[in-house]
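*Asks:* Whatever this is, show me its structure:
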Amino acid sequence: MRRPPPELVEFLHSYSPAVQSIAIGLRSVVLDELAPCHEYIFKMRARVVLLYGPTERVIKDAICLIAVFAKHVNLGFMRGAQLPDRARVLKGSGKKMRHVSLKRLSDLDRPELRVLLRQARRRSKGSRAGAGALDDVVTRVKRSDGHEAFQTTGWPR
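*Replies:* As a prediction, the model looks like this:
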């Protein structure tokens with residue numbers, strides 16, 4: 001499992017150990033499937049959000065997000081309504097977004113999560129070919145004080 005940035009650990013401190021484990025485990029699954037990529041972590045009201053995209057414009061070009069709630073963690077897909085969902089795990093009724101809720105650590109082992117992540121990556125605007133020379137995960141954290149912290153993690157290819 002990949003080591004999360006200390007700011008993320010701090011953001012997750014108020015959640016139960018089970019939810020923390022799901023969030024950190026899901027982050028590892030997402031990075032396994034999307035790296036190299038950009039990651040943007042921030043707190044929004046009562047939840048922690050992690051966005052993932054192929055470019056530094058993570059909010060605009062986001063492929064997916066992790067949203068941490070009090071009792072579960074959602075893996076959301078920005079264009080989830082367009083993804084083939086043979087396992088019928090995507091929930092939501094919006095025009096574009098769909099999500100999968102994870103309530104147990106064992107949910108991380110569901111193969112359809114990785115299938116959906118790969119499909120979403122292929123359909124993104126800045127696929128691996130469009131990501132330029134990026135060989136790393138670039139993590140940007142909006143800290144509680146409003147400042148941003150950057151971290152680049154080398155990624156094996």
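*Asks:* contacting residues around the longest helix seen in the chain?
*Replies:* Longest helix in the chain, counting residues (DSSP state H): helix 17-34. With contacts defined as C-beta atoms under 8 Å, 6 or more residues apart in numbering, helix 17-34 is touched by 1-2, 4, 8, 12, 15, 37, 39, 48, 50, 52, 54, 63-64, 66, 68-73, 75, 102-105, 107-108, 113-114, 117-118, 121, 137. Glycine gets a C-beta too; all of them are placed from N, C-alpha and C.
*Asks:* next helix or strand past that helix?
*Replies:* strand 37-44 (DSSP states H and E).
*Asks:* other SSEs contacting that next one?
*Replies:* Using 3 or more C-beta pairs under 8 Å, 6 or more residues apart in numbering; DSSP states H and E, the elements in contact with strand 37-44 are helix 6-12, strand 47-53, helix 58-61, strand 136-142.
*Asks:* which helices and strands does the last one pack with?
*Replies:* The reference is to strand 136-142. Looks like strand 136-142 contacts strand 37-44, strand 148-154 (3+ C-beta pairs under 8 Å, 6+ apart).
*Asks:* re earlier: now the buried members of the contacts of helix 17-34.
*Replies:* Applying 16 or more other C-beta atoms under 10 Å to those, the neighbour count classes 4, 8, 12, 15, 37, 39, 48, 50, 52, 54, 63-64, 66, 68, 72-73, 75, 102, 107-108, 113, 117, 121, 137 as buried.
*Asks:* Is the closest residue to K91 other than its chain neighbours in a helix, a strand, or coil?
*Replies:* The spatial neighbour of K91 that comes closest, neighbours along the chain excluded (C-beta to C-beta, 6 or more residues apart in numbering), is H99 at 5.8 Å. Secondary structure state of H99, per DSSP: H, G, I helix; E, B strand; the rest coil, is strand.
*Asks:* Can I get the host helix or strand of R118 in CSV? Just the C-alpha atoms.
*Replies:* Per DSSP H and E: R118 is located in helix 111-123. The C-alpha trace of helix 111-123 is given here as CSV (Å, rounded to 0.1, in the frame of the first residue of the first chain):
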residue,chain,number,x,y,z
PRO,A,111,-12.4,-6.4,-9.7
GLU,A,112,-15.0,-4.1,-11.3
LEU,A,113,-13.4,-1.1,-9.5
ARG,A,114,-10.2,-1.6,-11.5
VAL,A,115,-12.1,-2.3,-14.7
LEU,A,116,-14.1,1.0,-14.3
LEU,A,117,-10.9,2.9,-13.5
ARG,A,118,-9.2,1.6,-16.7
GLN,A,119,-12.2,2.4,-18.8
ALA,A,120,-12.4,5.9,-17.4
ARG,A,121,-8.7,6.5,-18.0
ARG,A,122,-9.0,5.4,-21.6
ARG,A,123,-11.9,7.8,-22.2
